[in-house]
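Chemist: structure for this input, please:
(2 chains)
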Amino acid sequence: MKKRIRQAVSLALATTMVLSLAACGGGSSEPTTAASADSGSGTPETTAEPAAAEGLTVNTTDPITLTFSWWGGDARHEATQNAVKKFMEKYPNIKVENQFAAWSGWEDKMSASFATGTAPDVNQINWNWITSFSSDGSAFYDLNKVSDILDLSQFSESSLADCTVAGELQGVPISLTGRIFYWNKTTFEKAGLETPKSLADLMAAGPVFQEKLGEEYYPIALGEYDRMILMVFYLESKYGKPWVENNQLQYSQEEIEDGLEFIQSLEDNHVTNTIKGIAGDGADSLDKNPKWMDGRYAGIFEWDSSASKFEGALNDGEEFVVGEEFEDMGDANGGYAKVSMCFAISETTEHPAECAALINFLLNEEEGADIMGIERGIPCSKAGLKVCEDKGLLSDKVAEANAKVLAYVGFPLDPKFEAAALKNSDGTYYDVMAGLSYEDYDVEEAAELLIEGIEDVLNK
Amino acid sequence: MSNNKGFKKWMSENLGMMFILPWLIGFLIFKVYPFGSSLIYSFTDYHLFDGIREWGLMNYVEIFTKSRIIKAFKVTFTYAFMTVPLKLAFALFIAYILNFKIKGVNLFRVAYYIPSILGGSIAIAVLWKAIFKSDGIVNMILAIFGIKGLDWLSEPGYALFIICLLRVWQFGSAMVIFLAALKNVSQDLYEAASIDGATKWRQFFSITVPIITPVIFYNLVTQLCEAFQEFNGPYIITAGGPRNATTLISLLIYNNAFKSYEMGLASAQAWCLFILVCTLTVIAFISQKKWVYYSDEDGR
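Modeler: So this is what the prediction gives:
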């Protein structure tokens, strides 16, 4: 009898907690700022009720050691280390050991850590890692369970839904990002042109660059993955439907051939250098390419959060401007925004409450958010964004690019768009785009290979 | 008391084993276990995050039917059969020159050996990239002579050659071994040949080469094994491109294992590589009866 009473009380308590959480969640849906606007991402997996907070408390007395990993550049390392120091001052019993490096090789290292259960307690993760490493929820801790420590009401429901896989909130979004054009205004001026406002402007600039500045000058440089994203932008704008929906590719062979012909026309019109030409530059990435630095490549199609990186890479005297999304590609807005990265807690951690406190400190609390600034893009956290706005931390270029990207979002991005088999340097996107550029494939063959590669991933 | 005596006796008999125990433990954990487990995984579709769903020969079928994998094996063969003879010939040639009594010979020996120490490093691979990029040093030099530069890194036909060149440049270790062998060739033989009127070339091919064939054989086998496992050069300089022209099998194994997480397929590829290298080594050992001369063998 006593047992039954205990069960009934437990059930009542659990129900109350779930209801109170739902009530909190209701207040979080207002998309008040650009950064917290709906990313429009894929179908949220929120059919099951989120787990209730487990009522854990942050230990403020016993010595605890947490490990924390991230990748990035020097500025991000410095900001994050300083923020972690502040956190340790707030919680003197908690020691945080940092593990950080540049991106190159980082994903390989972390994938092995997650697979072997040896990952650090708190991790900066790429959005697609949730589906790649933890499609069953086995790698990352369900953050709903620590929602009484980590204030989830600071994030839009849609952005949290994007990070919910297998019914578990596996990461908390740090920022949203999308692709936009950036131009080197100085080079365009040398060619006697204004920076492109439309696709027609861009197409017209190619021959002018060739004639007035020389063979080595191009209005834009597009690598293989850039071409793939731009092609999807183009097709979605023109045909007004998402690339992938309900795990099905929405485009026919003929439509994809149309997209590939568009990409090929950029090379044919001297708008972009060939893949062979870009590979011959010997640079690891476009921001390290001397031709971007000195203006021979006068444009890029990049993540909005990368504005500072590309602007910083330019030589003195080269003026960097944020471009516009091209509205003459079609009647629809073909752009997309996605969660650029998340903070996640490893499933194997022994200190979920303290990990949640660290994430909350970095994203939602004034002291942490102030130091972190916009080193990971415009914050998704409303509290974090307010701190950045109040303290004038929003870089004009990054904010401008982010606002333009989010205003142009038209379609969801399927998480499998970034699957390793497609996006990696030996994946389908690279094979198709490079094969087309090297003339190993004609448009028809390239479209067939692309469809085959994508369907392989979708059917897995 | 008797137990203590027995333990002492056991210790004295097995003391050697105790000394090699740390190595043995490491060998079992880091060599034998991965070796055995990779064989088992090669018969599964083991995915790093999804686990094992299927058992069978599918990975081996894929290796022998998928054009990209077959191409990687072909590229690896091309790489090995370009690199090994070039490297051995170059190492022997330089060793032969450095065996003469010339002024400052030790300095030259050090200078030629240094690339072997540096060659495998990331910094040298990055330097290689800078030398051969479209506006790199090589094309700048060619431009001085009015020659149009080539797309060394982005033209599939040239990129593999650039990777081979990096390996050939690291001839120092083979050179040192050749040098030691050349020093052991008796001067009496050269003196006798000179009296008989043999030219230096004749002496080289009729005396030097036959006598050092055991060392040539040793270098051939070790260089062959190394060439088939080459990873750093294509990984850093070309990332396997352009158009998979430098995707050696070791790089493909790495990509499958750590980028696509297809551990089963990567294990099967690793085993195919192992069998291939073993087969070539066995062929080399069998062939040595025809061309390797050991001094302790009567009549040879």
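
Chemist: what ranges in the chain fall below the confidence cut-off?
Modeler: Unless you meant another one, I'm taking chain A. Where chain A drops to pLDDT under 70, the residues are A:1-48.

Chemist: that's the other chain; I wanted chain B
Modeler: B:1-2, B:119-120, B:295-300.

Chemist: would you map the strands across the stretch 201-300 of chain B?
Modeler: In the stretch 201-300 of chain B, no strands are found when defined by DSSP state E, counting those that start in this stretch.

Chemist: residues from it in reach of chain A?
Modeler: B:239-244, B:247, B:252, B:255, B:258-261 (C-beta under 8 Å from any C-beta of the partner chain). Bear in mind the C-beta positions are built from the backbone N, C-alpha and C, glycine included.

Chemist: now residue 148. Nearest residue, chain neighbours left out?
Modeler: If you meant another chain, say so; for now it's chain A. residue A:53 (4.1 Å; C-beta to C-beta, 6 or more residues apart in numbering or on different chains).

Chemist: switch to chain B, please.
Modeler: Residue B:148's closest residue in space is residue B:142 (C-beta to C-beta, 6+ apart), at 7.3 Å.

Chemist: how would you label that neighbour: helix, strand or coil?
Modeler: Secondary structure state of residue B:142, per DSSP: H, G, I helix; E, B strand; the rest coil, is helix.

Chemist: same check on the one 5 residues further on?
Modeler: Of the three states, residue B:147 takes coil under three-state DSSP.

Chemist: distance of it relative to residue A:218?
Modeler: To residue A:218, residue B:147 is 25 Å away according to C-beta to C-beta, to the nearest Å.

Chemist: compare these two and say which is more crowded by neighbours.
Modeler: Between residue B:147 and residue A:218, residue A:218 has the larger neighbour count (other C-beta atoms under 10 Å in any protein chain shown), namely 27 against 10.

Chemist: pretty sure the residue nearest to residue A:148 is touching residue A:152, no?
Modeler: No - Residue A:53 is beyond contact range of residue A:152, at 9.6 Å (criterion: C-beta atoms under 8 Å).

Chemist: and the gap between residue B:118 and chain A?
Modeler: As judged by C-beta to the nearest C-beta, to the nearest Å, residue B:118 and chain A stand 20 Å apart.

Chemist: give me the common contacts of residue A:53 and residue A:152.
Modeler: Residues within reach of residue A:53 and of residue A:152 at once, by C-beta atoms under 8 Å, 6 or more residues apart in numbering or on different chains, are residue A:144.

Chemist: right, and the helix or strand after the helix or strand containing residue B:77?
Modeler: When elements are assigned from DSSP states H and E, residue B:77 belongs to helix B:67-98. Tracing the chain C-terminally past helix B:67-98 and defining elements by DSSP H and E, one meets helix B:105-118 next.

Chemist: pop the domain breakdown of chain A in here.
Modeler: Domain ranges of chain A: A:34-177+A:339-407, A:178-336, per automatic domain parsing.

Chemist: ends of the last one, what's the gap?
Modeler: Which is domain A:178-336. 6 Å (C-alpha to C-alpha, to the nearest Å).

Chemist: anything in it near chain B?
Modeler: Yes - using C-beta under 8 Å from any C-beta, domain A:178-336 comes into contact with chain B via A:275-283, A:290.

Chemist: restrict the residues you listed to the buried ones and give me that as a ChimeraX selection.
Modeler: Those of the residues of domain A:178-336 next to chain B that count as buried under 16 or more other C-beta atoms under 10 Å in any protein chain shown are selected in ChimeraX with:
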select /A:275,276,277,278,279,280,281,282,283
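
Chemist: distance of residue A:457 from residue A:132?
Modeler: Taking C-beta to C-beta, one finds residue A:457 at 11 Å from residue A:132.
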